[in-house]
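Trainee: Pasted the sequence and its predicted model underneath.
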Amino acid sequence: MLPIELDQACVDAEAHLISRFSASGLSLQVGSDFRSFELFACAYDRELTEHFSVKFQAITPPRGFWMMLVAPEGEVVATVAARLDDLGESTLADYWKLILPIVYRDAYGAPVSLRERQPSFVQEATGRVIYLGEMWVHPDWRKTGIGSDLAKLVQLRAFRRFSPVNALYVWMRPREIKGGFASSCGFQTLIENAINWDRPPAERDAKSSVSELWLAGNKASALHDLVYDLSAGTPRGLLKAGDAAVLSVSCDREE
């Protein structure tokens with residue numbers, strides 16, 4: 001659990017972001033059932049990545065959640081998801097060396113491999129680390145600011161829900177970094193070619209190889225900055241810490 005003052009500031013910041021969605025006529029839906037999330041994605045001719053798809057992952061409610069912004073006519077206009085990886089004393093670099101060879105193959109069909117040394121952000125991240133993904137905005141709603149606001153909101157919600165959090169990160173394509181989108185999402189750490197490969201993965205699409213992705217992330221101290229930057233100038237204490245969920249609709253199916 002976050003300290004009381006930080007927790008209330010986080011709630012205020014969440015309320016501020018959600019009010020901006022409401023002003024655009026959008027409602028926020030939140031859930032932890034990734035089977036439902038996958039069905040939503042399929043309805044828009046999208047497939048979840050291997051990091052969140054139920055074909056590859058079994059993410060239970062204590063380990064993950066997703067968010068969607070929905071227009072008044074019921075159309076989904078933006079999505080994002082968060083997953084907790086509790087690494088214990090292992091580093092994020094150690095985790096990558098275990099998981100990435102399972103997920104990816106090189107150009108010859110063999111498991112990929114990583115070099116011993118990885119970027120400092122990755123070498124230093126231990127304990128409870130959040131992976132963000134499935135960041136998507138409908139073409140008609142791009143360049144409106146909802147994508148960056150949703151990225152900030154998922155960071156805040158994950159920071160509170162999975163506290164204590166040591167770091168979080170997401171993969172982004174070069175154009176999203178160079179166009180300023182990552183910075184607008186509140187990420188303070190940006191690392192080009194963030195994985196030091198020994199044997200890199202095969203190119204999987206025409207946009208860019210997985211090996212060319214950037215890491216955008218925040219350490220816990222940067223998440224503190226994000227909370228206070230967003231809550232500054234907003235009315236404090238209008239909501240109690242337990243009331244943030246009232247501003248969003250749960251979409252988890254009843255078992």
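Mentor: Thanks, I have the structure now.
Trainee: C-alpha from now on. contacts and neighbour counts both.
Mentor: Will do.
Trainee: How many residues are close by residue 80?
Mentor: Under the neighbour criterion other C-alpha atoms under 10 Å, residue 80 is assigned a count of 21.
Trainee: residue boundaries of the helices in this protein?
Mentor: 4-23, 34-43, 92-103, 120-124, 146-161, 174-178, 181-184, 220-231 (DSSP state H).
Trainee: Tell me which residues of the second one come out buried.
Mentor: Read that as helix 34-43. Taking 16 or more other C-alpha atoms under 10 Å as the neighbour-count basis, helix 34-43 is seen to contain the buried residues 34, 35, 37, 38, 40, 41.
Trainee: List just the nearest of the residues you listed to residue 168.
Mentor: Set against residue 168, the nearest of the buried residues of helix 34-43 by C-alpha to C-alpha is residue 34 (19.9 Å).
Trainee: ok, now which ones touch the closest one?
Mentor: Taking C-alpha atoms under 8 Å, 6 or more residues apart in numbering as the definition of contact, the neighbours of residue 34 are 52, 53, 54, 59, 65, 66.
Trainee: gap between the residue most central in space within the chain and residue 74?
Mentor: Ranked by distance to the mean C-alpha position of the chain (C-alpha atoms, centre = their mean), the top residue is residue 132 at 2.2 Å. Computed with C-alpha to C-alpha, to the nearest Å, the distance linking residue 132 and residue 74 is 24 Å.
Trainee: Which strand runs longest in the protein?
Mentor: strand 76-91 (DSSP state E).
Trainee: Just the C-alphas of that strand, formatted as PDB.
Mentor: Listed in PDB are the C-alpha atoms of strand 76-91, where the atom choice follows Å, rounded to 0.1, in the frame of the first residue of the first chain:
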ATOM      1  CA  VAL A  76     -13.900   0.900 -28.300                       C
ATOM      2  CA  VAL A  77     -11.500   3.700 -29.100                       C
ATOM      3  CA  ALA A  78      -8.500   2.900 -27.000                       C
ATOM      4  CA  THR A  79      -7.000   0.000 -24.900                       C
ATOM      5  CA  VAL A  80      -4.100  -0.700 -22.600                       C
ATOM      6  CA  ALA A  81      -3.100  -3.600 -20.200                       C
ATOM      7  CA  ALA A  82      -0.800  -4.100 -17.300                       C
ATOM      8  CA  ARG A  83       0.800  -7.300 -15.900                       C
ATOM      9  CA  LEU A  84       2.700  -7.700 -12.700                       C
ATOM     10  CA  ASP A  85       5.900  -9.800 -12.800                       C
ATOM     11  CA  ASP A  86       7.200 -10.400  -9.200                       C
ATOM     12  CA  LEU A  87      10.900 -11.100  -9.800                       C
ATOM     13  CA  GLY A  88      12.000 -11.400  -6.200                       C
ATOM     14  CA  GLU A  89      15.800 -11.000  -6.100                       C
ATOM     15  CA  SER A  90      16.100 -11.600  -9.800                       C
ATOM     16  CA  THR A  91      16.600  -8.700 -12.200                       C
END
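Trainee: Good, wrapping up.
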